[in-house]
Structure formats: structure tokens, C-alpha cells
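[1] next come a sequence and a model predicted from it.
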Amino acid sequence: MPRRAALLTFDDGYKSMLRVASRSLSEFGYPSVAFIPTHFVGGYNDWDRGREPLEEICDWDGLRELERRGCSIQSHGVRHKSFSRLPPNEQHEELYESKRILEEKLGKPVEVFAYPYGLVGRDRSALSALLERNGYRAACLFPGGISKLPVANNYFLPRVDMFPHSDLHTLLGSRSRLTIRRLLQALK
């Protein structure tokens with residue numbers, strides 16, 4: 001891995017990822033990952049109803065097209081439920097079923113998970129063991145930050161969360177001396 005590397009990740013598989021973001025990422029040769037809640041493939045972001053605008057989620061053909069464009073499709077659970085509120089048996093079901101469905105529909109291994117809402121709960125060692133038993137090699141969460149290598153635990157990789165109102169310079173500046181210019185240079 002390069003000394004400075006960034007992985008661009010996207011949650012939920014919105015059709016806008018296919019229409020807009022994946023084209024720009026392909027144009028610049030930037031790989032990415034999209035974390036998909038399998039129950040909503042081909043539907044809408046119903047888990048956000050009443051809080052966020054209703055948006056379409058890619059169908060299976062759209063997810064396959066994202067893969068062709070260099071965006072790896074990975075797991076975001078089945079029903080986009082917060083792991084901090086689920087008992088272990090439901091966590092297992094979310095991990096197992098999501099991975100099984102994605103692998104079956106896409107014909108490729110699924111080895112990375114992103115916690116819905118970025119929340120994991122208190123028993124991190126049990127969750128690490130559960131992820132490992134289900135065949136995952138890594139998992140991403142919030143709160144965000146910059147990872148230093150080697151990472152302490154592959155099942156709790158921080159991400160810098162971006163929203164329309166986010167200021168990347170502030171987000172990175174509060175966690176590191178890395179400037180936007182250096183980040184963009186590292187991506188080239």
C-alpha cells in the first residue's frame with residue numbers, strides 16, 4: 001500500500017452513485033467501495049423515511065455496473081439496522097444473510113462490512129469474533145478519522161464522514177496535519 005492512501009467509500013447504493021459519482025471516479029481511475037443493505041436493492045431508502053428525502057437504490061444490474069466501473073460492492077447488512085441496538089443473534093443474521101445474498105447475486109466474494117449508522121455497541125471483541133466467523137476481513141465505522149498503519153483492529157476501521165455541509169479541511173485538520181492538497185496529491 002502506498003505511504004499515503006485513501007479509500008473512497010459510499011453507503012447505501014443510491015442510484016446517484018451510479019449516475020454521477022462512479023463516472024467521475026472511473027474518469028480519474030479512483031477505486032471505491034459501496035456498502036449495500038440488501039433488503040433495499042432496487043427500492044428506496046425507507047430506513048430514512050421522514051428524516052431524509054426518499055431516494056432510489058440501485059437494482060442488481062446497477063450494482064453489477066458499479067463493479068464494472070471499479071466500485072467494489074460490499075455489505076451494509078440486510079435491513080440497515082444499527083448494530084449497537086441489535087442482540088448478537090440478529091447481528092449474526094444481518095452479517096450472514098447480507099454476505100450470502102451479495103455473493104450469490106454478484107458472483108464475487110464479500111469481505112468488508114460497514115456498520116449502519118457507524119455504530120457498533122459495547123462488546124467489540126464479540127463483534128470482531130462474529131465478523132470473523134462470518135468470513136469478513138474488515139469493517140468500517142464512525143466516528144471518523146485517519147487510520148495509521150498497521151491498524152489495531154481490522155473490524156473497526158474509522159472513516160471520515162462527508163455530508164453536503166461537511167468541510168473536508170476541517171475534518172482532516174482536526175485529526176491530522178494532512179492538508180487537502182496533500183490528500184489530493186496522494187490520490188494522484
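    The structure has been received and is ready for your questions. Numbering: from 1, shown residues only.

[2] C-alpha only now, for contacts and for neighbours.
    Noted.

[3] the residue nearest to Trp47 when sequence neighbours are not counted: what secondary structure?
    In space, Trp47 comes closest to His80 once its chain neighbours are excluded; the distance is 6.9 Å by Cα to Cα, 6 or more residues apart in numbering. Look at His80: counting by DSSP: H, G, I helix; E, B strand; the rest coil, its state is coil.

[4] ok, His80 - contacts?
    Shown in contact with His80 (Cα atoms under 8 Å, 6 or more residues apart in numbering): 37, 47, 116.

[5] kindly supply the ChimeraX command isolating those of these that are buried.
    To isolate the buried members of the contacts of His80 in ChimeraX, using 16 or more other Cα atoms under 10 Å:
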select :37,116
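
[6] out of the contacts of His80, who's nearest Val110?
    Taking Cα to Cα as the measure, Val110 lies nearest Pro37 of the contacts of His80, at 12.8 Å.

[7] so, low pLDDT: which residues of the protein?
    Counting by pLDDT under 70, the ranges of the chain that qualify are 1-4, 144, 168-169, 171-188.

[8] could you pull out the helices for it?
    Along the chain, counting by DSSP state H, helices occupy 15-16, 22-28, 60-68, 88-106, 124-133, 168-173, 180-187.

[9] count of neighbours near Ser98?
    For Ser98, the count of nearby residues is 24 (other Cα atoms under 10 Å).

[10] so what pairs up with the one residue sitting closest to the centre of the chain in the strands?
    The centre of the chain sits closest to Phe35, judged by Cα atoms, centre = their mean, with a distance of 4.0 Å. Beta bridges link Phe35 to Asp11, Gln74, judged by DSSP bridges.

[11] wait, it touches His76, no?
    Yes. Using Cα atoms under 8 Å, Phe35 is in contact with His76, at 4.9 Å.

[12] which residues do these two both contact?
    Listed as contacting both Phe35 and His76 by Cα under 8 Å, 6+ apart are 11-12, 113-114.

[13] neighbour count added to these, as JSON lines?
    Listed next are those as JSON lines, based on neighbours: other Cα atoms under 10 Å:
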{"residue": "Asp11", "neighbour count": "18"}
{"residue": "Asp12", "neighbour count": "25"}
{"residue": "Phe113", "neighbour count": "26"}
{"residue": "Ala114", "neighbour count": "29"}
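
[14] turn those residues into TSV, including distance to Arg100.
    Conversion of those to TSV gives the following (distance: Cα to Cα, whole Å):
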residue	distance to Arg100
Asp11	19
Asp12	17
Phe113	13
Ala114	16
